[in-house]
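> Here you go, sequence then predicted model.
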Amino acid sequence: MALDAPLVHCELIRLVRNAIDCGDDLHKGKDMITVRHEGRFIKDSIDVTNEETLPPTPRSLTCSVPTPVVSTQHRPAEPAALYPPIQETVYETSARLLFMAVKWAKNLPSFASLPFRDQVILLEEAWAELFLLNAVQWCMPLESSPLFSVSEHASVVPNGKASQVAADVRVLNDTLLRFKAVGVDPAEFACLKAIVLFRSEDYCLVPETRGLKDPVQVENLQDQAQVMLGQHTRSQQPGQPARFGRLLLMLPLLRLVATTRIEQIFFQRTIGNTPMEKVLCDMYKN
């Protein structure tokens with residue numbers, strides 16, 4: 001039987017808040033990106049740094065995960081019994097990473113200055129890539145990544161879907177290894193997130209259905225994010241003239257696994273049938 005969607009969605013928010021209460025900062029310091037807007041420079045805090053800490057690995061989480069709430073009309077089994085505790089911590093970490101991605105975007109002055117409809121469109125289209133960039137950045141220092149472990153995910157999915165989940169997770173783990181091999185630093189992650197968020201070309205193709213109200217400004221913001229990435233790589237890695245291009249070419253790796261698959265793998269057990277758009281909206285409001 002399906003879980004009651006609104007109640008399960010509330011549980012996602014509780015999972016995030018519970019995780020937040022258990023930590024400090026994900027990283028120390030701030031990464032700054034300068035964005036030109038209407039002839040002036042605006043310093044936006046591309047902040048993956050003031051957000052709540054993540055544990056070194058989900059296995060070491062000491063916070064208790066609350067039992068998901070289910071409707072009294074749908075009680076075939078307690079959700080906590082359906083999935084082992086370790087899986088709950090993996091999904092708790094995923095929920096926090098997504099929350100951090102939404103909070104990061106919300107805290108960008110240049111993003112907040114866009115028409116609200118544009119903010120919604122950009123966030124709905126970019127959330128999966130922002131989540132993956134956060135996940136990859138968090139996993140970088142770890143020897144092994146529970147989030148991208150086939151065994152962690154495949155062990156709790158129906159047999160008919162295990163092979164697809166395993167294939168998707170392997171692709172994601174390969175992406176992590178690529179980022180590790182390049183040694184992407186926090187400032188580069190910040191710029192990459194801005195480039196992903198301020199993507200306008202997809203929406204300009206179909207303005208009657210998904211058009212941005214201010215696509216020119218969105219394009220300008222992405223251009224400036226790319227400029228800042230280029231300036232950073234040249235100043236910090238002068239011996240790697242091809243680094244800027246290599247980083248840009250890594251962004252398509254984030255789209256190798258479809259957004260719907262990312263949602264199913266990392267969030268289905270937390271949000272149930274609640275539309276991701278509603279989850280994002282509620283996170284954005286909070």
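Nice, I can see it. Numbering: from 1, shown residues only.

> Point out where the stretch 51-200 of the chain drops to low pLDDT.
For the stretch 51-200 of the chain, residues meeting the criterion pLDDT under 70 lie at 51-88, 154-160.

> Could you look up the SS state of the residue lying closest to residue 133 once chain neighbours are set aside?
Closest residue to residue 133 apart from its sequence neighbours, by C-beta to C-beta, 6 or more residues apart in numbering: residue 193 at 5.4 Å. (Glycine included, C-beta is placed from N, CA and C.) Going by DSSP: H, G, I helix; E, B strand; the rest coil, the secondary structure assigned to residue 193 is helix.

> Same question for residue 273.
Three-state assignment for residue 273 (three-state DSSP): coil.

> Look up how far residue 199 lies from the residue nearest to residue 133.
To residue 199, residue 193 is 11 Å away according to C-beta to C-beta, to the nearest Å.

> who has more neighbours, those two?
The residue with more neighbours, out of residue 193 and residue 199, is residue 193; 26 against 18, by other C-beta atoms under 10 Å.

> Verify the stated contact: that one with residue 136.
No. Look at residue 193 against residue 136 with C-beta atoms under 8 Å: they stay out of range, at 10.8 Å.

> Helices of the stretch 51-200 of the chain, start to end?
79-82, 85-106, 109-112, 116-139, 150-154, 159-182, 186-197 (DSSP state H, counting those that start in this stretch).

> how about the third one: buried residues?
It stands for helix 109-112. By neighbour count with 16 or more other C-beta atoms under 10 Å, helix 109-112 contains the buried residues 110-111.

> Grab the CA positions of it and hand them over as CSV.
Extracted C-alpha coordinates of helix 109-112, given in CSV (Å, rounded to 0.1, in the frame of the first residue of the first chain):
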residue,chain,number,x,y,z
PRO,A,109,21.1,37.7,-4.6
SER,A,110,21.3,37.5,-8.4
PHE,A,111,19.0,34.5,-8.4
ALA,A,112,16.6,36.1,-6.0
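
> packing partners for it?
Applying 3 or more C-beta pairs under 8 Å, 6 or more residues apart in numbering; DSSP states H and E, we find helix 109-112 packed against strand 40-45, helix 116-139.

> now do the last one
The criterion is 3+ C-beta pairs under 8 Å, 6+ apart, and the helices and strands that helix 186-197 contacts are strand 32-37, helix 85-106, helix 116-139, helix 215-236, helix 243-250.

> how near is residue 273 to residue 99?
Distance from residue 273 to residue 99, by C-beta to C-beta: 20 Å.

> Which one's more surrounded, these two?
Applying other C-beta under 10 Å to residue 273 and residue 99 shows that residue 99 carries more neighbours, namely 26 against 12.

> returning to what we had before: got the helices and strands packed on helix 186-197 as TSV, with distance to residue 280 columns?
Shown next, in TSV, are the helices and strands packed on helix 186-197 (distance: least, C-beta to C-beta, whole Å):
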stretch	distance to residue 280
strand 32-37	22
helix 85-106	6
helix 116-139	6
helix 215-236	18
helix 243-250	24
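
> Show me the one of these that comes nearest residue 260.
helix 116-139 (8.9 Å; C-beta to C-beta).

> Show me which residues of that closest one are buried.
Across helix 116-139, burial judged by 16+ other C-beta under 10 Å covers 118-119, 121-123, 125-139.

> For that helix, list the C-alpha coordinates in CSV.
Output of helix 116-139 as CSV, limited to C-alpha atoms (Å, rounded to 0.1, in the frame of the first residue of the first chain):
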residue,chain,number,x,y,z
PHE,A,116,9.8,34.5,-9.3
ARG,A,117,8.6,32.4,-12.3
ASP,A,118,12.1,32.3,-13.6
GLN,A,119,13.4,31.2,-10.2
VAL,A,120,10.9,28.4,-10.2
ILE,A,121,11.7,27.2,-13.7
LEU,A,122,15.5,27.3,-13.2
LEU,A,123,15.3,25.4,-9.9
GLU,A,124,12.9,22.8,-11.2
GLU,A,125,15.2,22.1,-14.1
ALA,A,126,18.5,22.2,-12.3
TRP,A,127,17.8,20.6,-8.9
ALA,A,128,19.1,17.2,-9.9
GLU,A,129,22.4,18.5,-11.2
LEU,A,130,22.8,20.8,-8.1
PHE,A,131,22.1,17.8,-5.9
LEU,A,132,24.7,15.7,-7.7
LEU,A,133,27.3,18.5,-7.5
ASN,A,134,26.7,18.7,-3.8
ALA,A,135,26.8,15.0,-3.4
VAL,A,136,30.0,14.7,-5.4
GLN,A,137,31.6,17.5,-3.5
TRP,A,138,30.7,15.9,-0.2
CYS,A,139,32.0,12.5,-1.3
